[in-house]
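A.B. asks: next comes the sequence, and after it the predicted model I'd like to discuss.
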Amino acid sequence: MTLTVEDGTGLAAADAFVSVSDCDIFCTSHGLTDWTDATSDPDADEAAIRRATAWLSTAFRWSGTKLNGRSQALAWPREDATDGEGDDIASDEVPVEIVQATCIAAAYERANPGGLAPSVTMTDRVKRERVGSLEVEYATAAQTPESARPVLTRVMDLIGGLTDGASASYVGRAVRG
């Protein structure tokens, strides 16, 4: 099934921020071997792009509002959106940062299908255990579904300036110091 790439008009049927051919070019030029070394499979490529696009569209709160409101399939394009430096983003634009982030996330998804949205079963975990004279206490981590998601730092670096500053439940704005 062919991708319907968002063209900046706020399509109701769009399911991708980037085409397979543009993703191929980006991944090749950036050495993303999870994508470039994958067995040739156009259906798997499209599915990875769809999952990456869906993740970016739903896991973050973006600056501005959707161009066509709820009738628009994806999170971009947006009205009244600004980047991290306060510059306006045209309302008919899918920012290059979103396109590149989609490629990076799609490469991850190509190697780890479903990895951006894992199914998680919450269980009690052992914090400390003793076997004979040996005792081990494990570091505690947040036990939430969000803590099971990968944090793709390259994606966060790209999109941090496009979020509303209170983005996603498991990651905030990416800032380099």
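C.D. replies: Arrived safely.
A.B. asks: every contact and neighbour count from this point should use C-alpha atoms.
C.D. replies: OK.
A.B. asks: I'd like the distance between the residue most central in space within the chain and G132.
C.D. replies: Centre of the chain computed as the mean C-alpha position; nearest residue by CA atoms, centre = their mean is L56, 3.9 Å away. For L56, the distance to G132 (CA to CA, to the nearest Å) stands at 48 Å.
A.B. asks: just L152 next, same as before
C.D. replies: Distance, L152 to G132, using CA to CA: 40 Å.
A.B. asks: more crowded one of the two?
C.D. replies: L152 (13 against 6; other CA atoms under 10 Å).
A.B. asks: gap between that one and G64?
C.D. replies: L152 is 23 Å from G64, where distance means CA to CA.
A.B. asks: and T2, by the same measure?
C.D. replies: Applying CA to CA to T2 and G64 gives a distance of 29 Å.
A.B. asks: looking at the two, which is more packed in?
C.D. replies: Using other CA under 10 Å as the criterion, T2 and G64 rank with G64 on top: 19 against 11.
A.B. asks: now the more buried one: how far from A81?
C.D. replies: From G64 to A81 the distance is 4 Å (CA to CA).
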